[in-house]
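show me how the following folds:
(chains A and B, ligands or ions: 2)
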Amino acid sequence: MSRRQQIANALTAVALAGGIAWLCTAVLGNLGRETDWAKAWQYRESLWIGWWLTLKISLGALLGSIVFGLLFLLGQRSPLPVLRRTCRLFLEFVRDTPLLVHLLFGYFVIFAPLLSRPLADAGFEDKILIGGLLLSLFGGAYLGEILRGGVESIPRAQWESARAVGFSPVQVYRHVIFPQALRRVLPAIAGLFVSLIKDSSLLSVIGVSEYFYNTKNFIARSYAGLEGYVPLALGYLILTLPVAWLSHWLEKRFRHET
Amino acid sequence: MKLEVDRVSKHFGATAALDGLSLHLGEARVLVLIGPSGGGKSTLLRVLGGLEVPDAGSVQVNDHRLSADPAFLQAYRRRNGFLFQQFNLFPHLDARRNITLPLEKVHGHDPTAARELADQALGRFGLLEHAAKLPAQLSGGQQQRAGIARAFAFSPEILFLDEPTSALDPEMTAEVLELIQELAEAGQDIILSTHEMGFAKAVADQVAFVAAGKIEECQPPGRLFASPDSPACQRFLSRVMRY
Ligand SMILES: Nc1ncnc2c1ncn2[C@@H]1O[C@H](COP(=O)(O)OP(=O)(O)OP(=O)(O)O)[C@@H](O)[C@H]1O
Ligand SMILES: [Mg+2]
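Residues are numbered from 1 along each chain as shown, chains lettered A, B, ... in the order given. Ligands and ions are numbered 1, 2, ... in the order given. Here you go, the predicted structure:
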């Protein structure tokens, strides 16, 4: 950094710190008196149960979206035109409409009438399962598109060389195409997974008592402010940050290879 | 090796890459394809190597009659080795793994045996010290040599090389050509295409001149380079030999 840049950097730091400090005093001055962290402690059990459910739903949705993503990838690369077209149409629809609509429509109109009874009879929580399924489909639609982009970005020479050494079509994907494609789309996949974790909060609209739902209830009942929203943000950060870190770490590991 | 290629055609859209091409060779160790760019050398190599299925005609290589059946072609490709102009190696695997992976997954060797075979091949081509490097860390010539080492480690019936040096600078070209010549002298059956006429002359048993999707002429190099029969080949040679 040049001398002038250093000065500019220092001045900017002071200005930013000042701005943030001012915002905090203003906000905390308004709330400060009523903030009572003991409230959050009272509701710890419900918050913990909600957070734990969010973790399980997120993990389930990650796995589910991988399954659907692979299916959608296969569908889009199918030799049958009708399968390709249908697949594309479906993915386009899913990606161009809000997840909120999928959840409300998918749950109340499509799946609940069909599945709620049998699932409940079998001892499952239908909202969680159907909500997780819808979230997986949504994530799978994006993942399918990401994977297709990755697979199609691998140059022709690699497909040819893989065929030339005698790999079967499955081996070509398994040993040559996927490892390279995944390295390329890793940041996009990590971004998608982080989004999925955050979007699991939308399951609250169909009444799944996950972290957001339970925190919202706690805030409404105890008139909490800061003591409700801070744990809410932290709870999601604990889930998303490891995904982000893992992806940065893998990216760094793979960087030198290409 | 023995080749019976009979009226083979291959179209890409409106272009006829191979246009009723025939070639009959009773016995040859090293067949070199020369000819103008776009003449069909690569396409012919790909058909002979089982990477491309012709639209019409029949092909027999040694005692394999090539069919369009994917399972047959896969098995056929496993018997042979193929090297393209460049980007043969898998960039996410180091040089040794590039060789052991197909040895294990395609040829069914166990990891120890695969490693031994790979190190033999790498050692033979002077690449053992580079075994742990990724392709991006190798020079172009080393990459091509590693590609040949990989093909060679499978003990190929025939080694197909498509312009193996045309992406290399002269020094690396020499190092790769020397290696190919060494393999040829050791008795490996090779079919290759090249723009290096001097090399073709030195290494070939038979030289085929491919132009406009046909074989215009196929002769031992002594004859073909000294007194080509076809006018097209005469013109081609006089043009490329001028400099
Ligand atoms: N995959 C393909 N799609 C479309 N056209 C192709 C394809 N492969 C080859 N061709 C065409 O077929 C003709 C023969 O090509 P080919 O690559 O066999 O020639 P070549 O003799 O190997 O040329 P070069 O010396 O430049 O490598 C060319 O006109 C080329 O454009
Ligand atoms: Mg070519």
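
and the residue sitting nearest the centre point of chain B, what helix or strand is that in?
Taking Cα atoms, centre = their mean, the centroid of chain B lies closest to B:L161, which sits 1.8 Å from it. Per DSSP states H and E, B:L161 falls inside strand B:158-162.

contacting residues around the helix or strand following that strand?
Using DSSP H and E, the helix or strand that follows strand B:158-162 in sequence is helix B:170-185. Outside helix B:170-185, the residues within contact range by Cβ atoms under 8 Å, 6 or more residues apart in numbering or on different chains are B:29-30, B:125, B:139-141, B:144-145, B:148, B:152, B:159, B:161, B:164-165, B:168, B:190, B:192, B:196, B:199, B:202-203. For every residue, glycine as well, the C-beta is placed using N, CA and C.

so of those, which ones are in strands?
B:V30, B:L159, B:L161, B:I190, B:L192 (DSSP state E).

is ligand 1 within reach of stretch A:156-170?
No - if you take Cβ under 6 Å from any ligand atom as the test, stretch A:156-170 misses ligand 1, and the best it gets is 8.6 Å.

and that stretch, which residues are buried?
A:Q158, A:W159, A:E160, A:S161, A:A162, A:R163, A:A164, A:V165, A:G166, A:F167, A:S168 (16 or more other Cβ atoms under 10 Å in any protein chain shown).

how near is the fifth one to chain B?
With the distance defined as Cβ to the nearest Cβ, to the nearest Å, A:A162 ends up 8 Å from chain B.

A:R174 is in contact with that residue, correct?
No - using Cβ atoms under 8 Å, A:A162 is not in contact with A:R174, being 9.9 Å away.

who in chain B is up against chain A?
Counting by Cβ under 8 Å from any Cβ of the partner chain, chain B comes close to chain A at B:49, B:51, B:74, B:77-78, B:81-82, B:84, B:86-92, B:101-102, B:105-107, B:134, B:136, B:150-151, B:154.

ok, of the contacts of helix B:170-185, which come out buried?
Neighbour-count burial (16+ other Cβ under 10 Å) applied to the contacts of helix B:170-185 gives B:30, B:125, B:141, B:144-145, B:148, B:152, B:159, B:161, B:164-165, B:168, B:190, B:192, B:196, B:199, B:203.

spit out the contact partners of B:E4.
Here B:E4 is in contact with B:H24, B:S58, B:V59, B:Q60 (criterion: Cβ under 8 Å, 6+ apart).

Three-state assignment for it, please.
Following DSSP: H, G, I helix; E, B strand; the rest coil, B:E4 is assigned to strand.

over to B:H24?
Of the three states, B:H24 takes strand under three-state DSSP.

in the stretch 151-258 of chain A, where is pLDDT below threshold?
Within the stretch 151-258 of chain A, the segments meeting pLDDT under 70 span A:256-258.

try 80
Across the stretch 151-258 of chain A, the ranges flagged by pLDDT under 80 are A:225, A:255-258.

enumerate the residues of it near chain B.
Contact residues, the stretch 151-258 of chain A versus chain B (Cβ under 8 Å from any Cβ): A:155, A:157-158, A:160-168, A:171, A:175-176, A:179-180, A:183, A:254, A:256-258.

how about 6 Å then?
In this structure, the stretch 151-258 of chain A approaches chain B at residues A:A157, A:S161, A:A164, A:V165, A:G166, A:Q171, A:V176, A:P179, A:Q180, A:E257, judged by Cβ under 6 Å from any Cβ of the partner chain.
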